[in-house]
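J.: Okay, structure incoming, though there's no sequence with it:
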Ligand SMILES: N[C@@H](CCC(=O)N[C@@H](CS)C(=O)NCC(=O)O)C(=O)O
């Protein structure tokens, strides 16, 4: 049987932006294939790719009927909305659906950009500017505190209601690289409820394999300026 759709993303490593998509697909029992021939920086610049995905970025998604979609969160939404667990993943009432969207927006605008601004110079992928990184770190920690505060309420097992939803998958996607790269044990100590929630989430069948669990969390924070960067790591 043809897969539900094809995902275009780097094949060299699991991109954090696709983990929420793969987890939603697993929970909905949808088979998604990843184009094995995709080459980052090459395939996404071809005329064929641009004709389907004009922004030329990853991740991107195509169904057998020719429906093309870009933006990781839109793809995750579409996959979540396309199977038997759509109501669980997207919310059962207008209020729940709005809360799920609130956390998706939180992940995309508070976690991702600030987390990436910290880890990118650390990995040698962008120039280090102390003031800029410190500002983003203050915003990243502010977002973590907000998440920690939410999860420390006694009834909070998941972000919305008492069921895992796309809110959890989206926030976890945003935290994957920070947790692996720079949130070392000292950093994590301030966020025990986030770590418990993370472990609970990755223990769920279908989610753990989408995130390539067991995920090895950072043991030592690399130098902020990239002087300890692993230069062998590439996107292609
Ligand atoms: N808002 C987009 C961002 C996608 C994005 O920036 N992808 C990067 C890789 S992480 C990319 O494809 N860059 C290629 C380029 O800029 O040409 C999403 O969430 O999917």
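T.: Structure received. If you're wondering where the values come from, they're calculated on a predicted model, not measured in any experiment.

J.: who in this protein is up against the ligand?
T.: Within the chain, the positions near the ligand by C-beta under 6 Å from any ligand atom are 17, 56-59, 71-73. For the C-beta atoms, the positions are set from N, CA and C on the backbone; glycine is no exception.

J.: What's opposite residue 34 in the beta bridge?
T.: Counting by DSSP bridges, residue 34 forms beta bridges with residue 7.

J.: correct me, but it touches residue 11?
T.: Yes - counting by C-beta atoms under 8 Å, residue 11 is a contact partner of residue 34 at 6.3 Å.

J.: which neighbours do the two share?
T.: Counting by C-beta atoms under 8 Å, 6 or more residues apart in numbering, residue 34 and residue 11 have no shared contacts at all.

J.: If you count neighbours, what's buried in stretch 33-44?
T.: For stretch 33-44, burial by neighbour count (16 or more other C-beta atoms under 10 Å) applies to 34, 38, 40, 43-44.

J.: List the residue ranges of the chain that fall below the pLDDT cut-off.
T.: Within the chain, the ranges that satisfy pLDDT under 70 run 1, 231-236.

J.: quick one, what contacts residue 185?
T.: Contacts of residue 185 (C-beta under 8 Å, 6+ apart): 217, 219.

J.: again, 10 Å this time
T.: 195, 217-221 (C-beta atoms under 10 Å, 6 or more residues apart in numbering).

J.: Format those as a markdown table; extra columns: secondary structure, distance to residue 100 and neighbour count.
T.: Formatted as a markdown table, the contacts of residue 185 follow (DSSP: H, G, I helix; E, B strand; the rest coil; distance: C-beta to C-beta, whole Å; neighbours: other C-beta atoms under 10 Å):
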| residue | secondary structure | distance to residue 100 | neighbour count |
| --- | --- | --- | --- |
| 195 | helix | 22 | 19 |
| 217 | coil | 26 | 17 |
| 218 | coil | 28 | 18 |
| 219 | coil | 33 | 7 |
| 220 | coil | 35 | 9 |
| 221 | coil | 32 | 16 |
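
J.: Of these, which pair is most distant in space?
T.: Spanning the widest gap among these are 195 and 220, at 17.0 Å by C-beta to C-beta.

J.: Let me know how buried residue 106 is, in neighbour terms.
T.: Look at residue 106: counted by other C-beta atoms under 10 Å, it has 20 neighbours.

J.: List the contacts of the strand or helix carrying it.
T.: Under the criterion of DSSP states H and E, residue 106 resides in helix 94-106. Here helix 94-106 makes contact (C-beta under 10 Å, 6+ apart) with 20, 73, 76-77, 80, 87-91, 93, 110-112, 143, 146-147, 150, 159-161, 163, 165-171, 173-174.

J.: Skipping its backbone neighbours, what lies nearest residue 216 in space?
T.: residue 180 (6.8 Å; C-beta to C-beta, 6 or more residues apart in numbering).

J.: What is the helix or strand containing that neighbour packed up against?
T.: Taking DSSP H and E as the criterion, residue 180 maps to helix 166-181. Helix 166-181 is packed against helix 16-27, helix 72-80, helix 86-90, helix 94-106, helix 112-122, helix 130-151, helix 185-188, helix 192-202, with contacts defined by 3 or more C-beta pairs under 10 Å, 6 or more residues apart in numbering; DSSP states H and E.

J.: re earlier: most surrounded residue in the residues of the chain next to the ligand?
T.: residue 72 (27 neighbours).

J.: was I right about that one contacting residue 19?
T.: Yes - the pair residue 72 / residue 19 is scored as a contact, 9.2 Å apart, by C-beta atoms under 10 Å.
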